[in-house]
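J.: missing the sequence, but the structure's below:
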């Protein structure tokens with residue numbers, strides 16, 4: 001595949017073998033449109049990628065080597081994501097972006113339009129701090145969301161937000177000191193356990209370190225495969241994590257395991 005020149009943020013970029021090089025220092029959510037041929041089948045696909053200054057992110061539909069021909073490639077800036085700016089997202093209200101965390105693939109995936117390998121950077125998690133409801137009632141909350149969902153507030157809304165914060169320095173201080181994420185990701189598994197297996201699992205959970213992988217959990221509990229079943233079952237195992245925490249081998253790290261009896 002030959003190099004192609006594109007313009008992003010008034011700067012020339014080079015696209016070669018599905019890699020975006022020399023990306024801008026800021027992170028952008030970019031909507032791409034691809035027109036071309038793959039194995040003699042035409043495609044016209046649209047999806048998100050992210051650009052930053054540390055990674056050459058792969059546009060998955062371009063990863064077909066010599067079998068693909070890209071006739072036309074369009075990039076459209078959807079959002080320039082800036083720490084400290086105000087956005088709306090899936091959850092209602094007005095939120096300030098306070099951090100961006102890597103969104104890593106923990107497993108291989110192949111779908112109709114996209115595919116990735118374990119360890120691929122497939123996006124970003126946005127750490128968001130809520131200050132106001134849609135009706136501008138003060139409300140503090142910190143949570144994370146997919147960065148692709150962020151939309152900048154209007155200039156009028158941002159002016160109103162700044163005015164409200166300037167009028168209430170105590171609230172602004174409490175807001176700025178609120179950085180702990182209140183939600184978490186929960187991964188669960190249905191278990192069919194006899195009494196002895198339940199006790200062995202609870203004992204093993206008590207021996208786990210502060211951060212542990214699923215493989216570590218299985219090694220200390222020694223649960224046989226037949227314990228993991230489809231619902232209905234008599235127990236549900238919940239594993240709690242922050243999805244941006246993982247090992248050097250891209251295994252997800254959990255910080256809590258909880259066994260719930262289903263009656």
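T.: Looks like it came in fine. In this text the structure is predicted, and so the values were computed from the model without any measurement. Numbers count the residues shown, from 1 in each chain.

J.: can you give me the helices in the chain?
T.: 155-167, 169-176, 195-206, 214-221 (DSSP state H).

J.: export those to CSV and tack on mean neighbour count, distance to residue 255 and mean pLDDT?
T.: From N, CA and C alone the C-beta is placed, and that goes for glycine too. What follows is those, written out as CSV (neighbours: other Cβ atoms under 10 Å; distance: least, Cβ to Cβ, whole Å; pLDDT from 0 to 100):
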stretch, mean neighbour count, distance to residue 255, mean pLDDT
helix 155-167, 13, 33, 97
helix 169-176, 12, 26, 96
helix 195-206, 14, 12, 92
helix 214-221, 16, 12, 92
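
J.: in a markdown table, list those along with distance to residue 135.
T.: Formatted as a markdown table, the helices of the chain follow (distance: least, Cβ to Cβ, whole Å):
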| stretch | distance to residue 135 |
| --- | --- |
| helix 155-167 | 11 |
| helix 169-176 | 16 |
| helix 195-206 | 44 |
| helix 214-221 | 43 |
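
J.: among those helices, which is nearest residue 94?
T.: If you check each of those against residue 94 by Cβ to Cβ, helix 155-167 wins as the nearest, at 6.0 Å.

J.: residue 115 contacts residue 109, correct?
T.: Yes - using Cβ atoms under 8 Å, residue 115 is in contact with residue 109, at 6.0 Å.

J.: contacts only, for residue 242.
T.: 101, 144, 181, 184-185, 255 (Cβ atoms under 8 Å, 6 or more residues apart in numbering).

J.: again, only using 10 Å
T.: 101, 125, 127, 144, 181, 183-185, 211, 252-255 (Cβ atoms under 10 Å, 6 or more residues apart in numbering).

J.: show the buried residues in the residues you listed.
T.: With burial judged by 16 or more other Cβ atoms under 10 Å, the buried subset of those is 101, 125, 127, 144, 181, 252-254.

J.: quick check: which ranges of the stretch 101-250 of the chain have low pLDDT?
T.: 112-113 (pLDDT under 70).

J.: what comes up buried for stretch 96-108?
T.: When burial is assessed from 16+ other Cβ under 10 Å, stretch 96-108 yields the following buried residues: 96-105.

J.: and if you look at stretch 114-133?
T.: Using 16+ other Cβ under 10 Å as the test for burial, stretch 114-133 gives 116, 119-132.
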